[in-house]
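[1] No letters, just coordinates:
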């Protein structure tokens, strides 16, 4: 069995790590080909089991460019030798359109599309032209998978998708693995010194994550606090510049991507998010499973994800002062953080274990291929 994965990027982020986790769970009996619309953006392969059969074909037609008939035809032809095509986010939408236009002519395999959210170009509002493009392109998709209720509403409304096509599958993680406290030196190159307190986040260093906002909010905290940002991406220099401008560069650390977050998140004393746009961020679930309180803007489903005790510390979207105030309140009260963290852990264990997510994806993929049982 052969799966083709067409990603907007395979740099390490929430959807990429979820895709890697599903590939690991489905096992070595499936061959995978992974294509990134951003050439060379394959950092999430570090999370793949070495025993899997995974290739990163460099000769696959580009997923970027004008959607001309000839270019779409070439993309469609490249899908022919697979059993299932999995596409992810706007960066792969030309491939979805190619499948729609030429799927019957070429007898293409079924396609399942995944939408996990928006980059900075749609963070403040959806583009009408893209809504129309999605409506057209998704016409032959076997399923459209979304992780949040907000995206489900957008799919049914703005994108005019039939309810039978839209599948809401909340992100899940192996919550039990987050119970054990990590060693002080679990993050390569950065050891936690006794007496330090860490506010941390896991995020690709991209503009939509607005990590300079995180730095500004952090700068108001007491000097025994440090900010630890786990992730990689093009905004590293901008984040470092903001820290330097505020005089906190010595307390802001960016040690890079950590492939096993369960071995690192528990070192945080407080988790924070600063994104302009999210849907159902896996990082928030990871923080909850590690028993952390969360300070975040009310983006996507975040306000509904956290335990009730944590909701007062979810700030209005775009309100930097409110986010900084939430972080300061939580940072100043050890007992409050502990009570909220305990509530978040119980909430995550009850609702967000990965077993349900894995079963749901297996059902969607198996149904698309007409299989009674998968994997």
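    Structure received. This structure is a prediction, so every number in the text was calculated from the model and none was measured.
[2] domain parsing for this structure?
    Under the assignment automatic domain parsing, the domains of the chain span 2-172+354-368, 175-351.
[3] in the stretch 51-200 of the chain, which spans are strands?
    Secondary structure of the stretch 51-200 of the chain by DSSP state E, counting those that start in this stretch: the strands cover 53-55, 84-88, 111-114, 143-146, 166-168, 197-202.
[4] can you pull the contacts of residue 345?
    Contacts for residue 345 were tallied using C-beta atoms under 8 Å, 6 or more residues apart in numbering; they are 179, 288, 289, 290, 291. Every residue, glycine included, has its C-beta placed from N, CA and C.
[5] now residue 271: how far from residue 203?
    Counting by C-beta to C-beta, to the nearest Å, the gap between residue 271 and residue 203 amounts to 11 Å.
[6] out of the strands of the stretch 51-200 of the chain, which comes closest to residue 75?
    Ranking the strands of the stretch 51-200 of the chain by proximity to residue 75 (C-beta to C-beta) places strand 84-88 first, at 10.3 Å.
[7] Please point out which parts of that closest one sit buried.
    Within strand 84-88, the residues that count as buried by 16 or more other C-beta atoms under 10 Å are 84, 85, 86, 87, 88.
[8] Which residue comes closest to the first one once chain neighbours are left out?
    Taking C-beta to C-beta, 6 or more residues apart in numbering as the measure, residue 84 lies nearest to residue 3, with 5.1 Å between them; neighbours along the chain are not counted.
[9] Sketch out the low-pLDDT regions of the stretch 151-300 of the chain for me.
    For the stretch 151-300 of the chain, no stretch is flagged by pLDDT under 70.
[10] show me where the chain has helices.
    For the chain, helices defined by DSSP state H occupy the ranges 14-26, 69-78, 93-106, 128-137, 149-156, 211-218, 236-245, 282-289, 302-305, 320-331, 334-351, 354-368.
[11] Single out the most deeply packed of those.
    Compared across those, helix 282-289 shows the largest average neighbour count, a mean of 28 (mean count of other C-beta atoms under 10 Å).
[12] Specify the angle between it and helix 354-368 in degrees.
    Orientation of helix 282-289 against helix 354-368 (axes from the mean of the first three to the mean of the last three C-alpha atoms, to 10 degrees) gives an angle of 150 degrees.
[13] elements contacting helix 282-289?
    Where contact means 3 or more C-beta pairs under 8 Å, 6 or more residues apart in numbering; DSSP states H and E, helix 282-289 is packed against helix 14-26, strand 197-202, strand 270-272, strand 294-297, helix 302-305, helix 334-351.
[14] Now with 6 Å, please.
    Under the contact criterion of 3 or more C-beta pairs under 6 Å, 6 or more residues apart in numbering; DSSP states H and E, helix 282-289 touches helix 334-351.
[15] what pLDDT, on average, does the helix it packs on get?
    Per-residue pLDDT over helix 334-351 has a mean of 97.
[16] and the domains of the chain as a markdown table, adding distance to residue 374?
    Converted to a markdown table, the domains of the chain look like this (distance: least, C-beta to C-beta, whole Å):
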| stretch | distance to residue 374 |
| --- | --- |
| domain 2-172+354-368 | 3 |
| domain 175-351 | 23 |
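[17] Provide a list of residues in contact with residue 175.
    289, 348, 349, 353 (C-beta atoms under 6 Å, 6 or more residues apart in numbering).
[18] try 10 Å
    Contact analysis of residue 175 by C-beta atoms under 10 Å, 6 or more residues apart in numbering lists 262, 285-286, 288-290, 345, 348-355.
[19] Repeat that for residue 344.
    Under the criterion of C-beta under 10 Å, 6+ apart, the contact partners of residue 344 comprise 271, 284-285, 287-294, 305-307, 309-310.
[20] one step back: out of the contacts of residue 175, which one sits closest to residue 171?
    Closest approach between those and residue 171, by C-beta to C-beta: residue 285, at 6.2 Å.
[21] burial count for the nearest residue to the closest one once chain neighbours are set aside?
    For residue 285, ignoring the flanking residues on the chain, the nearest one in space by C-beta to C-beta, 6+ apart is residue 352 at 4.8 Å. Other residues within reach of residue 352 by the criterion other C-beta atoms under 10 Å amount to 22.
[22] hmm, back to that, out of the contacts of residue 344, who's nearest residue 154?
    Proximity of the contacts of residue 344 to residue 154 (C-beta to C-beta) peaks at residue 305, which lies at 17.7 Å.
[23] ok, now how distant is that closest one from residue 225?
    Remark: distance between residue 305 and residue 225 (C-beta to C-beta) = 24 Å.
[24] Quick check: residue 142 touching residue 112?
    Yes - with contacts defined as C-beta atoms under 10 Å, residue 142 counts as touching residue 112 at a distance of 5.5 Å.
[25] Please say which of those two ends up with more neighbours.
    For residue 142 against residue 112, the residue with the higher neighbour count under other C-beta under 10 Å is residue 112, and the figures read 23 against 19.
[26] which residues touch the residue nearest to the more buried one when sequence neighbours are not counted?
    Closest residue in space to residue 112, ignoring its immediate chain neighbours: residue 143 at 4.8 Å, by C-beta to C-beta, 6+ apart. The contact partners of residue 143, taken as C-beta under 10 Å, 6+ apart, are 110-114, 161, 164-167, 169, 363-365, 367-368.
[27] same thing but at 7 Å, please
    With contact set as C-beta atoms under 7 Å, 6 or more residues apart in numbering, residue 143 has these partners: 112, 165, 167, 364, 368.
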